[in-house]
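A.B. asks: structural data only, the sequence is not supplied:
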Ligand SMILES: [Zn+2]
C-alpha cells in the first residue's frame, strides 16, 4: 500500500488479444511472455483504493493474476466489447462489498443496460446478479474516485466518442484516433502518458505507431507507454529497441509508480 499512484497494465492487447485463437502469425506463436497480451485495461491503486479502467472479457483472469481482492469501481472508456464484456465477473466483489460504482458516459451506460439487462433489472432481479451504482461522466466535468480527482479527456475513435482519464500526473488514453486541441491542453503537463499504438500500418479508428509517437511528441511527458497493441505491430523486444529512450511498449503485468 502506498500513497503514490501505482498503475498496473492488466492487458495491453487489441480486441482479439494476443495470441489470436488459431493464428500461426510469428508474434502469436512467440514464447516471450511480453508478446502475450490480454484485452486492454489498467489497475489504478493508491492508499487502500483499487479502480480499473475498462472491464473487458479477460477481467476475471486479470483480477486473479494480480490478486485484486477488493475493487472500488470501474471507469469506462467506451462501450466496445473488448472494454466491457467482463462486467458479469464483478460478482465476487459485489457479494463481499455491495454495489460496485461504475463511471461512464451516458451512452456507454445505455449500452451496458442492453448487454447486461439482468444487472439493471429493477423488479424480480435474480439474486445472483450483481448491482452497480452509476456515475455519469461528462466532458469538462472532473469527478472524484476515492480521495482523488479525475479529469475526463474527450477523444475520438473514428466516429465513436471515447473518454481518456487523467489522474494527477498520469493520463491514460486508449482507442484514440483524433484529439481536439482543447483536449490536448488537459493532457499537457502529465509526467506519464499511456496511449494506444495498434500497428505500423494506418488504421481507421486507432493511432498507428507513427501517430502515437507524434502525439507523445506534442505532449512531451517524462515517460510514455504504448498499449492496445496488435500482433501486427511486431515482436515486443524488437519494437521496444526501436523506440526513443523515454517511450516504452507496455506489457501485461507491468507496474509503474507515478
Ligand atoms: Zn478497444
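C.D. replies: It's in. Because the structure is a prediction, the values reported are computed rather than measured.
A.B. asks: now the residue nearest to residue 89 when sequence neighbours are not counted: how far from residue 105?
C.D. replies: Once flanking residues are discounted, residue 89 sits nearest to residue 60: 4.2 Å by CB to CB, 6 or more residues apart in numbering. Any C-beta I mention is one placed from the backbone N, CA and C, and that applies to glycine too. To residue 105, residue 60 is 24 Å away according to CB to CB, to the nearest Å.
A.B. asks: who's more crowded, the two?
C.D. replies: Ranked by neighbour count (other CB atoms under 10 Å), residue 60 and residue 105 place residue 105 first, with 21 against 15.
A.B. asks: look up how far residue 219 lies from that one.
C.D. replies: Counting by CB to CB, the gap from residue 105 to residue 219 is 23 Å.
A.B. asks: then residue 141?
C.D. replies: 22 Å.
A.B. asks: the two: who's more crowded?
C.D. replies: residue 219 (17 against 9).
A.B. asks: what parts of the stretch 151-258 of the chain come near the ion?
C.D. replies: Contact residues (CB under 5 Å from the ion) of the stretch 151-258 of the chain with the ion: residue 175.
A.B. asks: and the helices in the stretch 151-258 of the chain?
C.D. replies: 181-187, 209-219, 236-242 (DSSP state H, counting those that start in this stretch).
A.B. asks: flag every buried residue along the last one.
C.D. replies: Of the residues in helix 236-242, those buried under the neighbour-count criterion (16 or more other CB atoms under 10 Å) are 236, 239.
A.B. asks: over to the first one?
C.D. replies: By neighbour count, with 16+ other CB under 10 Å as the criterion, the buried positions of helix 181-187 are 183, 186-187.
A.B. asks: before we move on, the earlier item: wait, a strand at the residue nearest to residue 89?
C.D. replies: No: counting by DSSP: H, G, I helix; E, B strand; the rest coil, residue 60 is not part of a strand but helix.
A.B. asks: hang on, isn't it packed against residue 87?
C.D. replies: No: checked against CB atoms under 8 Å, the pair residue 60 and residue 87 is beyond contact range at 10.8 Å.
A.B. asks: and residue 100, what are its bridge partners?
C.D. replies: residue 132 (DSSP bridges).
A.B. asks: same thing with residue 49?
C.D. replies: With DSSP bridges as the rule, residue 49 is bridged to residue 46.
A.B. asks: what's around it, how many residues?
C.D. replies: Counted with other CB under 10 Å, residue 49 comes out at 17.
A.B. asks: need the contact list for it.
C.D. replies: Neighbouring residues of residue 49 by CB atoms under 8 Å, 6 or more residues apart in numbering: 72, 145-148.
A.B. asks: again, but for residue 184
C.D. replies: 218-219.
A.B. asks: same question, residue 249
C.D. replies: By CB under 8 Å, 6+ apart, the neighbours of residue 249 are 12, 34, 197, 225-226, 229, 233, 236, 239-240, 243.
A.B. asks: let's have the buried residues of helix 181-187 in JSON lines, adding pLDDT.
C.D. replies: Listed next are the buried residues of helix 181-187 as JSON lines, based on pLDDT from 0 to 100:
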{"residue": "183", "pLDDT": "98"}
{"residue": "186", "pLDDT": "98"}
{"residue": "187", "pLDDT": "98"}
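A.B. asks: how about those in a markdown table, adding distance to residue 43?
C.D. replies: As requested, those are exported to a markdown table (distance: CB to CB, whole Å):
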| residue | distance to residue 43 |
| --- | --- |
| 183 | 24 |
| 186 | 23 |
| 187 | 21 |
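A.B. asks: and residue 124, which of the three is it?
C.D. replies: Here residue 124 is recorded as coil under three-state DSSP.
A.B. asks: and for the one 10 residues further on?
C.D. replies: Residue 134 falls in the strand class when you classify it by three-state DSSP.
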